[in-house]
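**Q** here's a sequence, model it:
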Amino acid sequence: MRMDHEAVAELPNGIDAIGMLAGAAMAVVKAAAVIGPTAAVVAMGAAYWAAVFTAYIVIIPEIDQGNGVYLTITWPQIALFGASGGLIGPALAPIPTAVV
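**A** Got it, this is the predicted structure:
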């Protein structure tokens, strides 16, 4: 997938993104406390992905050189995800690279 420079420029800045994602993660954690232990596992997964998305929001503008950014998932990542039966979800995290 390619994000053009305009899309990268519309990303929230790092501090705003951290606040938004932290608020969403805390809401899930609070709901998990009410629902039970299974929801706690879901809450931990949501908190993990919130951290990943925050890192992307901070890193992608730094990688962008005015031409946009490619977000790539490689075949070895897909193979690792499939071989693990879907247990290694983070293997599918896209790799951001600059468009030259």
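**Q** which helix is the longest one in this structure?
**A** Scanning the chain for the helix with the most residues, using DSSP state H, yields helix 37-63.
**Q** now residue 80. Nearest residue, chain neighbours left out?
**A** Nearest non-adjacent residue to residue 80, counting by Cβ to Cβ, 6 or more residues apart in numbering: residue 91, 4.4 Å away. Glycine gets a C-beta too; all of them are placed from N, C-alpha and C.
**Q** I misspoke; the intended subject was residue 67.
**A** Take residue 67 and drop its neighbours on the chain: the residue closest to it by Cβ to Cβ, 6+ apart is residue 99, 4.1 Å away.
**Q** what residues does that neighbour make contact with?
**A** With contact taken as Cβ atoms under 8 Å, 6 or more residues apart in numbering, residue 99 is in contact with 2, 65, 67-70.
**Q** same list (these) but as JSON lines, adding distance to residue 50, secondary structure and pLDDT.
**A** Compiled in JSON lines, these are given as follows (distance: Cβ to Cβ, whole Å; DSSP: H, G, I helix; E, B strand; the rest coil; pLDDT from 0 to 100):
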{"residue": "2", "distance to residue 50": "24", "secondary structure": "strand", "pLDDT": "89"}
{"residue": "65", "distance to residue 50": "27", "secondary structure": "coil", "pLDDT": "89"}
{"residue": "67", "distance to residue 50": "28", "secondary structure": "coil", "pLDDT": "90"}
{"residue": "68", "distance to residue 50": "24", "secondary structure": "coil", "pLDDT": "90"}
{"residue": "69", "distance to residue 50": "20", "secondary structure": "strand", "pLDDT": "93"}
{"residue": "70", "distance to residue 50": "23", "secondary structure": "strand", "pLDDT": "92"}
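**Q** buried subset of those?
**A** Those of the contacts of residue 99 that meet the buried threshold are 68-70, by 16 or more other Cβ atoms under 10 Å.
**Q** which of these sits closest to residue 20?
**A** Comparing those against residue 20 with Cβ to Cβ picks out residue 69 as the nearest, at 20.2 Å.
**Q** sorry, back to before: need the pLDDT of the residue nearest to residue 67.
**A** With respect to pLDDT, residue 99 scores 87.
**Q** residue 62: how many residues sit nearby?
**A** The local packing count at residue 62 equals 12, with neighbours defined by other Cβ atoms under 10 Å.
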